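Novice: Build me a structure from this.
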Amino acid sequence: MASPAFTGHLPGDRAYRRLIAGLFFAGVATFAQLYSPQAVLPLIASEFDVPPPTAALAVSATTLGLAATVIPWSAVADRVGRVPAMAVGIVAATVFGLLAPFSSDLEILLALRLLEGVGLGAVPAIALAYLSEEVDAAHTAAAAGSYIAGTTIGGLSGRLMAGPIGDIADWRIGVLAVAVVCVASAVLFLVLVPRARGFVPLRLRPTRGPSLPQRLAENLRSPRQLALYAQGFLLMGGFVALYNYLGFRLTEPPYSLPHAVIGLLFLAYLAGTVASPVAGTLASRFGRLPVLLVSSAVMAAGTALTLVPVIVAILAGLLVLTAGFFAAHAVASGWAPAVSEPDARAQASALYYLGYYAGSSLFGWSLGFVFAWAGWDGVALAVLALIAASAALAAGALRNRTRPVNDRRTR
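Specialist: Below is the predicted model of the structure:
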């Protein structure tokens, strides 16, 4: 809850600009190190002499740690405040991120990556709840799109640095270079992000309000919220699996691309950087559900294009599916806390990201067995099935239940 006099920052306000910039750098610090090993998975598999699904655990271990801790982080944020909780998480994650490249064996690497994910869980668990409380309600969808665009820059920069540097030097040097950039981004986040005015921590309230189980139950009883969580689970699972195993496909004949070129494939993330704020703006204008369904259809079209065994078609498909995914993610991730009860917003966001990273961990790993058994066609068809399931759930549970984007409820 917040002071009734505060109705949220408006675009053009200095605090609004600092908030968006601060969350941008939080997104870089989080998502660059989260996915940097994805660009060097074939190199990790080669060094440790393990198959692709085992190498992919270097990504899945971190997303698993993140998924397991988003709800605890949401409770910490309710207790001590949004900004302090994010600050602690980012600092802890960067420490483990600096240590991970020095791992002497795969088991130590996976353990450090798991701990890194525990720290990283603070940002996705809290950022969108913080944003929904600090930005005027008429602009939250667009602001959420801008935040998601920043996360795409983080994901892109991590992969784009790790891949070429890893190919020239060593995968450890590539991952370490990304960790150093994340340290600088974490510092910029701490300097820029404004203090929260739209939320009073529980420790400072005269009455505590609902307990954590009650706040979780409030969201889990809602079919609409469950459908939104399913969007993250299914769409993110398919998206990560495509990126995890595309590198393995393209390093093999008939493509035989070098790892430096594979790293450049992540430039497709720029399509997500553009699509995310556009989707947020369109959702404010036309409603969230139509934009979500169209974005999912775009992702499906891009996935289908990757089935064409021509490198130009594969690259075009990668651009299209990336734009569609991040547009859908921008809508769904901002929708969950925006329509939750005020005291349960952090948990609404945390539950969305629990599904999001659980899908990343599960499908990012398990579709490796589909890749080994049925090749790329099997992976792409499995992802199309995940997209179809997510669209069906959205159409069934979210239709005619949308709340106007500019609705402001009492905080």
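Novice: Could I get the full set of helices for the stretch 101-250 of the chain?
Specialist: Per DSSP state H, counting those that start in this stretch, the stretch 101-250 of the chain carries helices over the ranges 106-120, 122-134, 140-168, 171-192, 212-220, 223-251.
Novice: correction: the stretch 301-411 of the chain
Specialist: Per DSSP H, counting those that start in this stretch, the stretch 301-411 of the chain carries helices over the ranges 311-338, 345-398.
Novice: Could you list the low-pLDDT ranges of the stretch 101-250 of the chain?
Specialist: 203-209 (pLDDT under 70).
Novice: rerun at 80
Specialist: 128, 137-151, 199-211 (pLDDT under 80).
Novice: Could you pull up the residues touching residue 274?
Specialist: 149, 323 (C-beta atoms under 8 Å, 6 or more residues apart in numbering). Placement of C-beta: from N, CA and C, glycine included.
Novice: so it is in which element?
Specialist: Using DSSP states H and E, residue 274 maps to helix 269-286.
Novice: what about the nearest residue to residue 245 once chain neighbours are set aside, how many residues close to it?
Specialist: In space, residue 245 comes closest to residue 371 once its chain neighbours are excluded; the distance is 4.6 Å by C-beta to C-beta, 6 or more residues apart in numbering. Other residues near residue 371 come to 22 when the count uses other C-beta atoms under 10 Å.
Novice: and the gap between residue 371 and residue 364?
Specialist: Distance of residue 371 to residue 364, given as C-beta to C-beta, to the nearest Å: 11 Å.
Novice: Can you say which of the helices of the stretch 301-411 of the chain is nearest to residue 276?
Specialist: helix 311-338 (4.2 Å; C-beta to C-beta).
Novice: Just give me how far that closest one sits from the chain centre.
Specialist: 11 Å (C-alpha atoms, centre = their mean, to the nearest Å).
Novice: for that helix, packing partners?
Specialist: helix 122-134, helix 140-168, helix 223-251, helix 269-286, helix 288-305, helix 345-398 (3 or more C-beta pairs under 8 Å, 6 or more residues apart in numbering; DSSP states H and E).
Novice: orientation of that helix relative to helix 345-398 in degrees?
Specialist: Angle between the axes of helix 311-338 and helix 345-398 is 110 degrees (criterion: axes from the mean of the first three to the mean of the last three C-alpha atoms, to 10 degrees).
Novice: Which of the residues in helix 311-338 are classified as buried?
Specialist: Buried residues in helix 311-338, counted by 16 or more other C-beta atoms under 10 Å: 314-338.
Novice: Could you tell me how many residues sit around residue 301?
Specialist: The burial count for residue 301: 15, using other C-beta under 10 Å.
Novice: which residue sits closest to it in space, ignoring its chain neighbours?
Specialist: Going by C-beta to C-beta, 6+ apart, residue 301 has residue 320 as its nearest residue, at 5.8 Å.
Novice: Is it correct that that neighbour is in contact with residue 272?
Specialist: No. Look at residue 320 against residue 272 with C-beta atoms under 8 Å: they stay out of range, at 10.9 Å.
Novice: before we move on, the earlier item: let me know which of the helices of the stretch 101-250 of the chain is tucked in deepest.
Specialist: helix 122-134 (a mean of 28; mean count of other C-beta atoms under 10 Å).
Novice: which ones are touching residue 189?
Specialist: 22-23, 25-26, 29, 86-87, 90.
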